[in-house]
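[1] One predicted model, sequence on top.
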Amino acid sequence: MAKKRSSGKSSRGPTWKGALKLSLIQVPIQVFPATSSDSDVSFHQLHRKCHTRIQLKKWCPHCNVEVTADDIVKGYESSRGRMVVVEDEEIAKVRPESTKTVDISDVVSTDTIDPVYIERSYFLAPDGTNAASSFGVMRDALSDRAAIGRLALHGREYLVAVLRRGNAMLMHTLRTAGEVRDVSAVPNLDLARAKTKPDEVRLAKQVLDNYTSGRELSDFTDNYQQALKQMLAAKDEEPVAEEEASGKPAKVVNLMDALRQSLDRAKTKPAARGKRAAAKVVRHKPKRRAS
C-alpha cells in the first residue's frame, strides 16, 4: 500500500514567472524550487572571547590596505598565467538579456537525461486560471518524454529539461558537456574490466535481496543534521550567566566560583568600612581653644 504523503502547501512564493514556449504555443508558468536547504543547520563565525560575529574585510596584501567595492575589478587568469582585467561594462555587453522564456528546441526520451547532468530542479505550475488548460495539455503531451530548451535569466543562459511530474511539470537546469567528466577519464577503471564469477554475482544478488525494503527516498533523513539539532537544542537549554547573555564574558560560571567570589567580597567589606570611617575622622577639623 502506498504511504500517505503530506498535502501541506508551501507558503513560499514562486522564484520567478515566465513562459514555456513551443513553436507558437506559450504557456504562462510559475517556477518554484524543488529542493530546500532551510532545514540544514547554519553556523556563524564568532569571536571566541566575546561571541560577537566576525566581520570579513576585503584586503589587498600588496598595498596593505582594506579595499571597497569601487576598488575591486574582475580578473581572469589565462592559460599563459596572465591576469586579464575585465570591467563590468565589458561583461554586460556579452551577457544574455533575461527573457524568462523557456524556448523548447528538442524533445527526447526521459532516459536521455543522465542524472550527472542535472544541476538544480524546479517545479512548474500554471500562472493563473487562464493558463491551467494549456499547462495541462503540455504536461500530458510530454508523457514519458523530456523537452529540452534554453532559458536566459539573471545574466546567465541555462540549458533546461522539462518533464512531467504528476499534476506539475519538473524543470531541471542542466550542465553542458564541457562541465561533465568523461567516465573513461576516471583512474583505475580499467581494473574493473576483470571477469566476474557467476557464482559470486549470484550470491551478491542474494545479499542485496535481503536488504530490499521498498522504502522511498523521502523516508531517509540526514543523520548528521539530526544529531546537530539535538546537540544544539540541549546546549540552548543550558543556563547562561546574566553577563554572558548580554554579550560580555561571564564572571560567574558555576556554584563553586560564586561561593569563592562571595567569600572574597565578604572578607573585604569590614576593611572597607573601617577605611571609610577613618577617612571621616581625618576630615573632622579640631575645635579652636579659647585664648
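    Yep, it's here. Residues are numbered from 1 along each chain as shown.

[2] tell me the contacts of residue 140?
    residue 164 (CB atoms under 8 Å, 6 or more residues apart in numbering). For every residue, glycine as well, the C-beta is placed using N, CA and C.

[3] quick one: it from residue 131, how far?
    15 Å (CB to CB, to the nearest Å).

[4] ok, the nearest residue to residue 59 once chain neighbours are set aside - contacts?
    Once flanking residues are discounted, residue 59 sits nearest to residue 66: 5.7 Å by CB to CB, 6 or more residues apart in numbering. By CB under 8 Å, 6+ apart, residue 66 lies in contact with 57-60.

[5] In this protein, where is pLDDT below threshold?
    Applying pLDDT under 70 to the chain flags residues 1-11, 240-260, 262-263, 265-291.

[6] could you say which helix or strand contains the residue nearest the centre of it?
    Among the residues of the chain, the one closest to the centroid is residue 37, at 5.2 Å (CA atoms, centre = their mean). Counting by DSSP states H and E, no helix or strand carries residue 37.

[7] all strands for the stretch 51-200 of the chain, in order.
    Under the criterion DSSP state E, counting those that start in this stretch, the stretch 51-200 of the chain contains strands at 59-60, 65-66, 74-77, 83-86, 101-109, 118-126, 145-153, 156-165, 168-174.

[8] can you redo those strands as CSV with distance to residue 29?
    Below are the strands of the stretch 51-200 of the chain laid out as CSV (distance: least, CB to CB, whole Å):
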stretch, distance to residue 29
strand 59-60, 45
strand 65-66, 45
strand 74-77, 33
strand 83-86, 34
strand 101-109, 8
strand 118-126, 5
strand 145-153, 11
strand 156-165, 9
strand 168-174, 8
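
[9] Kindly export stretch 96-107 (C-alpha atoms) in CSV.
    What follows is stretch 96-107 as a C-alpha-only set of coordinates in CSV (Å, rounded to 0.1, in the frame of the first residue of the first chain):
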residue,chain,number,x,y,z
PRO,A,96,22.4,37.4,-22.3
GLU,A,97,19.3,39.5,-21.7
SER,A,98,16.8,37.9,-19.3
THR,A,99,13.8,36.7,-21.2
LYS,A,100,12.2,34.4,-18.6
THR,A,101,11.1,32.2,-21.5
VAL,A,102,11.9,28.6,-21.8
ASP,A,103,12.4,28.1,-25.6
ILE,A,104,12.0,24.4,-26.4
SER,A,105,14.2,23.3,-29.2
ASP,A,106,14.3,19.5,-28.9
VAL,A,107,12.2,16.6,-27.4
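
[10] For that stretch, give me every contacting residue.
    Stretch 96-107 is contacted by residues 16-22, 26, 29, 145-157, 160, 162, 171 when judged by CB under 8 Å, 6+ apart.
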